[in-house]
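Asks: I'll drop the sequence and a predicted model, then ask my questions.
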Amino acid sequence: MRCSDGQSIRFDGPTTAEFPSYAGTVTCAIFMDGGAKGFFQTKVAATVSCTTSGNDVSCTKS
């Protein structure tokens, strides 16, 4: 996962990234081995959790 705020996270299985409110709008791209990919944006302080299932990447924000 690579994000516009400079975060770069390599993960295997579920992962969580935190985005503070001062970061502004953050866009992240997720590229998985095997071709799965996904994107998300957040504009507020949030914790985003992502998981994969086959070629699908799902992220939830809290």
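Replies: Alright, I've got the coordinates.

Asks: Every contact and neighbour count from this point should use C-alpha atoms.
Replies: Will do.

Asks: helices or strands next to the host helix or strand of T52 in the packing?
Replies: T52 is located in strand 46-53, with elements delineated by DSSP states H and E. Counting contacts by 3 or more Cα pairs under 8 Å, 6 or more residues apart in numbering; DSSP states H and E, strand 46-53 packs against strand 15-19, strand 56-61.

Asks: Please find the angle between the direction vectors of the last one and strand 15-19.
Replies: What it means is strand 56-61. 40 degrees (axes from the mean of the first three to the mean of the last three Cα atoms, to 10 degrees).

Asks: Return the set of buried residues in strand 56-61.
Replies: Within strand 56-61, the residues scored as buried using 16 or more other Cα atoms under 10 Å are 57, 59.

Asks: Could you tell me the angle between that strand and strand 46-53?
Replies: With the same axes, to 10 degrees as the basis, strand 56-61 and strand 46-53 are set at 160 degrees to each other.

Asks: distance of M1 from G13?
Replies: When Cα to Cα, to the nearest Å is applied, the distance between M1 and G13 equals 12 Å.

Asks: Neighbour count for those two, which is higher?
Replies: Ranked by neighbour count (other Cα atoms under 10 Å), M1 and G13 place M1 first, with 18 against 9.

Asks: I figured the more buried one hits I30, correct?
Replies: Yes - using Cα atoms under 8 Å, M1 is in contact with I30, at 4.3 Å.

Asks: mind listing what the closest residue to T52 other than its chain neighbours touches?
Replies: Excluding the flanking residues, the one nearest T52 by Cα to Cα, 6 or more residues apart in numbering is S58, at 6.2 Å. Counting by Cα atoms under 8 Å, 6 or more residues apart in numbering, S58 touches 38, 50-52.

Asks: Any idea what S58 is bridged to?
Replies: For S58, the beta-bridge assignment (DSSP bridges) gives partners T51.

Asks: What residues does the residue lying closest to K61 once chain neighbours are set aside make contact with?
Replies: For K61, ignoring the flanking residues on the chain, the nearest one in space by Cα to Cα, 6+ apart is V48 at 4.4 Å. Remark: with contacts taken as Cα under 8 Å, 6+ apart, V48 is in contact with 16-18, 59-62.
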